[in-house]
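Q: sequence plus the predicted model coming up.
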Amino acid sequence: MNPIPAADTPGSTPQPEGQQTLAIDGASVGFGAELPGPYPVGRYAARLRDQLRSFTRVQLTGELANLRPPTRTRAYFELRDADGALPCAMWRNDWERLGALTDSLADGIEVVVAGGCDYYPGSASASPAFSFAVRDLRIAGEGDLLIAIEHRRRALDADGLLERQAALPRTALPRTIGVVCGENAKAGDDVLAALERRGWHGRIVWAYAPVQDRHAAPRIAQALRDLAGSGEVDVIVVTRGGGSLTDLLAFSDESLCRTVALLAVPVIASIGHHTDRTLLDEVAAASCSTPTHAAEVAVPLDCGRAHVVLAAAARRLRRGANQAVLGRARVLIGMTRAPAEHVARHRAQLGHHARVLRDSSRRQLAGEHAALVRRAAGLARQREGTLRDLRQRRPAELERLAIALSAHDPERTLARGYALVETADGEPLTSAAAAREHEDVGLRFADGRLTAKIASDDRRA
């Protein structure tokens, strides 16, 4: 760190050796017997802030201390070693740019920070504060690896490969599970024991591969491709025990992660302990903290418990089926009696209808017979009246009519001395004028007919 340079100001006097001055608007402040001023404290504090910010930016290493959750604008912590300490502040956007690295930070971790001095001059109501403004941060030793892993994660995210596995459908009860682990590894035994506790009796396909060295990532990727390409595996579990970041580095290999992301079979990652986080955990369909947890995620259905539930349901179904069969038998028994009862009911109805028809016919016949008897009696009375009329009234009436007719008979008139004047053709002439029109006329008397001529004088008259 460079000392604060002395300012050359007009009228300033040389300072004794060992003294330093800070120029403020042409005035100088000396640390000796003669002190110029006084100056406004705000102006002095602002000049001090500018001077501190002009210092060269550097990298510092030390242990984290008093790390606090970030506020809305900044994250605050201290950087310490055996000889000193610095208060540090980091803008919120720079802190969030660290990504998953922030989850690994805790008090006592050795880190490397990059930045420079900063000073807040304060105000009448706020205290001043000095801090080291951190622009970047990494864990010492493992920091370069973490940075490389974070770059890989961002590349995978940019290609849309972090969500592909999570979108794959997973069956609740897989028939075949593939397990990728080290040969004779305890993690594989833990997966098997957890599956047995869940009562799962499917098939396990083991794929052994090295899980720690430079050959591990390609061998694991090949094992995954073989399992997925068989077409028989429903889900794959990749597991190993805990270790350092270097031990788990194979599971952050970019080629391995891209292989997993593009598989059509869901992959469940169980790498390391609770605090370990590899790039494979980001890409896999599910990330589990232990092999037991991975087995539970691979087989979401607890087969033992489901068997108990199904057995209880089967018992209920059997009881219900028996009751249904008995109820159906009762219905069928009732239905077997139904035809005879139906026939008997219809027979009774037909008998009743027959009796009703018979009685009705008898009543109708009796009524018609009585009507016929009455009509015959009436006809007999009419016949007797007609006969009586023919025998008594009609002869008397005929006689009366004969008398009346005879009274009007022209012959009887002629018999009394009258004559009937007729034309030669026998047509009666009823007037003298009619007679004058004929020359010959006939005179009919009661005892005969005579011909007469109308005198010419009479015709002229």
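A: Now that the structure is in, tell me what you want to look at.
Q: and E341, how many residues sit next to it?
A: Per other Cβ atoms under 10 Å, the neighbour tally for E341 reads 10. Glycine gets a C-beta too; all of them are placed from N, C-alpha and C.
Q: in which helix or strand would I find it?
A: Here E341 sits within helix 303-388, counting by DSSP states H and E.
Q: isn't D107 up against A65?
A: Yes. Shown here, D107 and A65 form a contact pair, counting by Cβ atoms under 8 Å, at 5.6 Å.
Q: which of the two has more neighbours?
A: A direct count of neighbours by other Cβ under 10 Å for D107 and A65 places A65 higher, at 15 against 12.
Q: quick one, what contacts the residue lying closest to that one once chain neighbours are set aside?
A: Among residues not flanking A65 along the chain, E78 sits closest, at 4.3 Å (Cβ to Cβ, 6 or more residues apart in numbering). E78 is in contact with L64, A65, N66, A85, L86, P87, C88, counting by Cβ atoms under 8 Å, 6 or more residues apart in numbering.
Q: was I right about the first one contacting L105?
A: Yes. With contact defined as Cβ under 8 Å, L64 counts as touching L105 (6.3 Å).
Q: where along the chain do the helices fall?
A: For the chain, the helices defined by DSSP state H cover 41-53, 92-97, 101-104, 143-158, 186-197, 216-229, 254-262, 279-283, 291-298, 303-388, 394-407, 410-415, 432-436, 456-460.
Q: among those, which comes closest to A124?
A: The closest of these to A124 is helix 41-53. By Cβ to Cβ, the value is 8.9 Å.
Q: buried set for that closest one?
A: By neighbour count on 16 or more other Cβ atoms under 10 Å, the buried set for helix 41-53 is Y44, A45, R47, L48, R49.
Q: just the CA trace of it, in CSV.
A: Written as CSV, here are the backbone C-alpha positions of helix 41-53 (Å, rounded to 0.1, in the frame of the first residue of the first chain):
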residue,chain,number,x,y,z
VAL,A,41,-14.8,17.6,8.3
GLY,A,42,-17.0,16.6,5.3
ARG,A,43,-14.5,18.1,2.8
TYR,A,44,-11.6,16.3,4.6
ALA,A,45,-13.6,13.0,4.6
ALA,A,46,-14.5,13.2,0.9
ARG,A,47,-10.9,13.9,0.0
LEU,A,48,-9.9,10.9,2.2
ARG,A,49,-12.4,8.7,0.4
ASP,A,50,-11.1,9.7,-3.0
GLN,A,51,-7.6,9.1,-2.0
LEU,A,52,-8.4,5.6,-0.6
ARG,A,53,-10.3,4.6,-3.7
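Q: figure out how far that helix is from the centre of its chain.
A: A distance of 66 Å separates the centroid of the chain from that of helix 41-53, by Cα atoms, centre = their mean, to the nearest Å.
Q: list buried residues within the contacts of E78.
A: Neighbour-count burial (16+ other Cβ under 10 Å) applied to these gives L64, L86, C88.
Q: what confidence value was assigned to the spatially most central residue of the chain?
A: Taking Cα atoms, centre = their mean, the centroid of the chain lies closest to P169, which sits 19.0 Å from it. Here, the pLDDT recorded for P169 equals 91.
Q: please apply the same query to the one 5 residues further on.
A: If you check P174, the pLDDT there is 92.
Q: wait, what's in contact with it?
A: Listed by Cβ under 8 Å, 6+ apart, the contact set of P174 reads G202, D234, V235, A298, V299.
Q: and the fourth one, how many neighbours does it have?
A: The one in question is A298. Neighbour tally, A298, other Cβ under 10 Å: 28.
Q: please apply the same query to the third one.
A: One way to gauge burial is a neighbour count; for V235, by other Cβ under 10 Å, it gives 24.
Q: got it, and the last one?
A: Applying other Cβ under 10 Å, we find 23 residues neighbouring V299.
Q: could you measure from it over to A284?
A: From V299 across to A284, the span is 16 Å (Cβ to Cβ, to the nearest Å).
Q: repeat that for the fourth one.
A: A298 sits 12 Å away from A284, taking Cβ to Cβ as the criterion.
Q: mind listing the shared neighbours of those two?
A: Here A298 and A284 have I268 as joint contacts, going by Cβ under 8 Å, 6+ apart.
Q: could you list the low-pLDDT ranges of the stretch 101-250 of the chain?
A: Residue ranges of the stretch 101-250 of the chain with pLDDT under 70: 141-145.
Q: picking that back up, dump the contacts of P174 into a markdown table; add distance to A432 as well.
A: As requested, the contacts of P174 are exported to a markdown table (distance: Cβ to Cβ, whole Å):
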| residue | distance to A432 |
| --- | --- |
| G202 | 153 |
| D234 | 149 |
| V235 | 152 |
| A298 | 154 |
| V299 | 152 |
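Q: about what we covered before: around the nearest residue to the residue nearest to the centre of the chain once chain neighbours are set aside, how many other residues sit close by?
A: Spatially, and ignoring its direct neighbours in sequence, P169 is nearest to P266 (7.9 Å; Cβ to Cβ, 6+ apart). By other Cβ under 10 Å, 25 other residues sit near P266.
Q: residue contacts, P266?
A: Counting by Cβ under 8 Å, 6+ apart, P266 touches Q165, L168, P169, R170, V235, I236, A285, A286.
Q: okay, now the fourth one: neighbour count?
A: Burial measure for R170: 17 neighbouring residues, criterion other Cβ under 10 Å.
Q: separation between it and V297?
A: 8 Å.
Q: do the fifth one as well
A: Counting by Cβ to Cβ, the separation of V235 from V297 is 9 Å.
Q: any residues in contact with both of these two?
A: With Cβ under 8 Å, 6+ apart as the test, V235 and V297 both reach I268.
Q: any idea of the pLDDT on S270?
A: For S270, the pLDDT comes out at 88.
Q: what residues are up against it?
A: Contact analysis of S270 by Cβ under 8 Å, 6+ apart lists 187, 191, 237-240, 287-291, 293-294.
Q: bridged to it, which residues?
A: In this structure, S270 bridges to T239 when assessed by DSSP bridges.
Q: what is the neighbour count of the nearest residue to L67 once chain neighbours are set aside?
A: Counting by Cβ to Cβ, 6+ apart, the nearest residue to L67 once its immediate chain neighbours are dropped is F77, at 4.3 Å. For F77, the count of nearby residues is 22 (other Cβ under 10 Å).
Q: now F77: how far from A100?
A: The value you get for F77 to A100, if Cβ to Cβ is used, is 18 Å.
Q: same check, this time on T239
A: Distance, T239 to A100, by Cβ to Cβ: 21 Å.
Q: and those two? which has more neighbours close in?
A: Between T239 and A100, counted using other Cβ under 10 Å, the more crowded position is T239 (25 against 14).
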